[in-house]
Every structure is written in structure tokens, then in C-alpha cells.
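Student: next one to model:
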Amino acid sequence: MRLLRPASMLLLAALALAAPARGIKPQTVEELMNPLLSPDLALWLVGPIAEMATREEIQGYQRLTSDEQALAFVEEFWKKRDPDPAYARNALRERFEERIAEADRRYAEAGLPGRRTDRGITFVLYGEPSEERFDVSEHPDDPPILVWEYDGKVGKGLDGKRPDRTYRFIRRQDLTTFYTPNRRPPRPRVGRPPF
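Tutor: Here you go, the predicted model:
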């Protein structure tokens, strides 16, 4: 039996740590972008496409080395999802592009196009919520929580899944993001004891 040298063991450990977990799709901009492509195509996966694509499609797109390959990949991506190939235009792709334009118009903030914000991604995938309201935040100094409700009548989204019943968003600095309860402990109000 051949023993590995310490340097080889370190390299294998580093590769193991860098490998993405099996079955989990990458979600950060760094994990989704392909730096070998032009700027628009490099970021094509970032946003709702990442939710629609399979893990294998994401990995395949990240292996592309030219814009020509990327454009062919995009066409094939939409061809696979065409609900009626006999029809000259792809209705799913058209709905996606309409919602992208509307998300960019409504939800652009902090220098990001609306399609790449949490509200924009949710809107592109599932459309208009059935109800929109505000709840009081559990933290006294935080802004209200925006709540989107989707009723049981809403069908599958562009990702092929039904939306969650409720999505919560909160404004943090310049960006409205998904709300995560208990992200930080409540701060005591001035003049009140912390207990």
C-alpha cells in the first residue's frame, strides 16, 4: 500500500472542502457566474434561472468557455421547457421575459436589476402575490416586514413548483431581502432595562 505525502494529503483535503455538497445547487453570485463569458452571459444563471435550472444544467453552464456555446445552451434550456413545441413561440419563455422586465421596473434597488433581488426572483417565478401586507417587526428599530401571500389557487410557478404560502421581506440598508426571524436579538429601547 502506497502512503500519500503530506502535501498530497493537504491538496486532497482542500479539494474535498471546495467541492459543493452533493444535491445542493449553488446560490451565490460567485458560485453561479461563469467568468469566461461576456458580462451578460457570465451572470445569466444569477436570479430566477438558478431556481429553474437543474444542478446538472448549472454545472454544464459553468463549464462553457465561449459566448457561442452559452447562447446555444440558453436556446436548448428554453427548448426543453417549451410547453407546446408545435407553437412557433415559447409561451413559458415569453412569460419569463415579461416578468423579468416588470421585476426590473418594480424591484431594482442597491444597484441590482430587479430580477436579481429576492422580491424580483419571487415575482418572476410565481407572479403577483394574492395578498400583500405589512407586519410589525420583532425588533423595535427595524422597519416593517413586507408579507406576500399566495393562496391555494395559484398553480405551479415557472420553476415547476408551487409557491410557498407566505414570503416575508425586510429592508436592510439599501436592499430588501428575505426576512429571517431572530436574525439578531432585540435591542432595548432607550430608557428601558434590557431584561
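
Student: using CSV, write out the CA atom coordinates for stretch 137-145.
Tutor: Extracted in CSV, the C-alpha atoms of stretch 137-145 (Å, rounded to 0.1, in the frame of the first residue of the first chain):
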residue,chain,number,x,y,z
SER,A,137,-41.0,43.6,13.1
GLU,A,138,-40.0,41.8,16.3
HIS,A,139,-37.1,44.3,16.6
PRO,A,140,-38.2,47.8,17.7
ASP,A,141,-35.8,49.7,15.5
ASP,A,142,-36.4,47.6,12.3
PRO,A,143,-38.7,48.6,9.5
PRO,A,144,-42.0,46.7,9.0
ILE,A,145,-41.9,43.3,7.4
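
Student: which intervals of this protein have sub-threshold pLDDT?
Tutor: 1-26, 182-195 (pLDDT under 70).

Student: would you enumerate the residues in contact with the residue nearest the centre of it?
Tutor: The centre of the chain sits closest to residue 47, judged by Cα atoms, centre = their mean, with a distance of 4.4 Å. By Cβ atoms under 8 Å, 6 or more residues apart in numbering, the residues touching residue 47 are 115-116, 120-121, 124. Any C-beta I mention is one placed from the backbone N, CA and C, and that applies to glycine too.

Student: what residues sit buried inside the longest helix belonging to the chain?
Tutor: For the chain, the helix with the greatest residue count under DSSP state H is helix 91-107. Neighbour-count burial for helix 91-107, counted by 16 or more other Cβ atoms under 10 Å, picks out 92-93, 96, 99-100, 102-104, 107.

Student: and the residues you listed as CSV, adding distance to residue 141?
Tutor: Shown next, in CSV, are the buried residues of helix 91-107 (distance: Cβ to Cβ, whole Å):
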residue, distance to residue 141
92, 43
93, 44
96, 38
99, 34
100, 35
102, 32
103, 29
104, 31
107, 24
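
Student: which of the contacts of residue 47 sits closest to residue 51?
Tutor: Within those, the smallest distance to residue 51 is 6.8 Å, found for residue 121 (Cβ to Cβ).

Student: what number of residues lie near the residue lying closest to residue 174 once chain neighbours are set aside?
Tutor: Distances taken as Cβ to Cβ, 6 or more residues apart in numbering place residue 110 nearest to residue 174, at 4.0 Å, with adjacent residues excluded. Look at residue 110: counted by other Cβ atoms under 10 Å, it has 12 neighbours.
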